[in-house]
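> Requesting a structural model of the entry that follows:
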Amino acid sequence: VQLQASGGGLAQTGTTLRLSCVVSGISFSDYAVSWFRQAPGKERELVAALSPTTDKTFYADSVRLRFTISRDNAKNTHYLRMNALKPEDTAVYYCAVDRRYEGILLGSTAHWGQGTQVTVSS
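Just a heads-up that it's a prediction; the model follows:
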């Protein structure tokens, strides 16, 4: 299983970035997808998750109404659109997938990407 994240970079406060994660080696449509992040000196946190059928969605309180997770099963890709970026969004962002949506919420996620750095300047 391989996950390749991209789309990170340097952004100014208030602007938008979209992260992408291309997944291979699994039946992508059967898997829940997610994004985590880890800021310097902090623990990794779940940012957003989306169930295989898109009927369940989770967002961390800190990003709700600003970030949107989505997926394109035809492209084996999921996305994180990040609007109204803030300096506190600065972190390494990781994409991850698991067969169980609930598993992601409970901290058990099977497959991880390598991470992409997002830096938001004030």
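
> Quick check: phi and psi at the residue nearest to the spatial centre of the chain.
Nearest residue to the geometric centre of the chain (Cα atoms, centre = their mean): Trp35, 2.1 Å. When read as degrees, to the nearest 10, the backbone of Trp35 gives phi -130, psi 130.

> any idea how far it is from Val47?
5 Å (Cβ to Cβ, to the nearest Å). All C-beta atoms are positioned from the backbone trio N, CA, C, and that covers glycine.

> Find residues that contact each of those two.
80, 93 (Cβ atoms under 8 Å, 6 or more residues apart in numbering).

> Assign the nearest residue to Tyr31 once chain neighbours are set aside to helix, strand or coil.
Using Cβ to Cβ, 6 or more residues apart in numbering and skipping the chain neighbours, the partner closest in space to Tyr31 is Val97 (4.4 Å). Under the three-state scheme (DSSP: H, G, I helix; E, B strand; the rest coil), Val97 adopts strand.

> list the contacts for Val97?
By Cβ under 8 Å, 6+ apart, the neighbours of Val97 are 1, 3, 23, 26, 28, 31-34, 78, 109-111.

> Closest one of these to Leu65?
Ser34 (18.2 Å; Cβ to Cβ).

> so which strand or helix has the closest one?
strand 32-38 (DSSP states H and E).

> Within its sheet, name the partner strands of that strand and how each one runs.
strand 45-50 (antiparallel), strand 91-98 (antiparallel) (DSSP bridges).

> how far does stretch 96-107 sit from the chain's center?
How far stretch 96-107 lies from its chain's middle: 12 Å, per Cα atoms, centre = their mean, to the nearest Å.

> buried residues in that stretch?
96-98, 101, 104-105 (16 or more other Cβ atoms under 10 Å).

> Look at Tyr31 and report its pLDDT.
If you check Tyr31, the pLDDT there is 98.

> now swap in Gln114 and tell me
pLDDT, read off for Gln114, is 93.

> which residues does it contact?
3-5, 94.

> Gly113 too?
3-5, 21, 94-96.
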